[in-house]
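Asks: Prediction below, plus the sequence it came from.
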Amino acid sequence: MSEMNEKLVRAAIDAAHNAYAPYSNFHVGAALLLDDGQIVTGANFENASYGMTLCAETVAIAKANSDGQMRRIVAVAVAGGPRSSEGGAVIGADSITPCGRCRQVIKEVADLNAIDLPIHCAHASGYETYLLSELLPYGFGPASLKS
Ligand code: THU
C-alpha cells in the first residue's frame, strides 16, 4: 500500500464526517488526488426531495472543476458506511464502490485526462483498488459523441 494511497483513503474517511445524510444515515466521503499532491474532498449531500441527493464523488469532482482543477485529477478514493456515533462512517469489512452515476462522472474526468483512473475503495482493514475500466467497461464518454 503506497503512502500516498493511504493518505488519500484517510482523507476520504475523514470527509465522511462532513456528509449531510439525515435520510439514509449512510455517510460517504470522497477524495481526489491532483497531480501536484493536493487533495480535494467531497461528502454526500442529501435533500428532503430524496432524488436530488448528490454523491460524495460527484461533489468532489464538481468542486475540483469549480476550482479549475479537474484536469489535474490522477486518483480517486471513496469511503462510506452507516453513520457512526462520532458522526463519520463505520467502514465495513467490504469496501463500497462508486454508484453507477458516479462511475459515469468519473469517466468524464478519466477521458479528459486520458488516464484509466485508479479508484481506491476503503474497507475496515485497508482498501481495494480498481481501475475505472474495471468498474465501467464499455462506457459512454466524450469520444462516443464523435463516433
Ligand atoms: N452515495 C455516495 O455518496 N456515493 C456512492 O457512490 C454511493 C451512494 C450516497 C448517496 C446517499 O446519500 C447515500 O450514499 C445512500 O445511498
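Replies: Arrived safely. Not measured: the values here are computed from a predicted model. Numbers count the residues shown, from 1 in each chain.

Asks: for residue 94, what are its contacts?
Replies: Applying C-beta atoms under 8 Å, 6 or more residues apart in numbering to residue 94 gives the contacts residue 123. Every residue, glycine included, has its C-beta placed from N, CA and C.

Asks: scratch that, residue 8 is what I was asking about
Replies: 31, 33, 39, 75, 77, 120.

Asks: The first one belongs to a strand?
Replies: The one in question is residue 31. Yes: counting by DSSP: H, G, I helix; E, B strand; the rest coil, residue 31 is located in a strand.

Asks: any idea how far it lies from the ligand?
Replies: 13 Å (C-beta to the nearest ligand atom, to the nearest Å).

Asks: wait, what's in contact with that residue?
Replies: 8-9, 11-12, 15, 39-42, 60, 76-78.

Asks: How about the fourth one?
Replies: Counting by C-beta under 8 Å, 6+ apart, residue 75 makes contact with 5, 8, 32, 33, 117, 118, 119, 120.

Asks: Mind checking which of the residues you listed are in strands?
Replies: 32, 33, 118, 119, 120 (DSSP state E).

Asks: and which of these is nearest to the ligand?
Replies: Distance to the ligand, by C-beta to the nearest ligand atom, is smallest for residue 119 among the ones in strands among the contacts of residue 75, at 10.2 Å.
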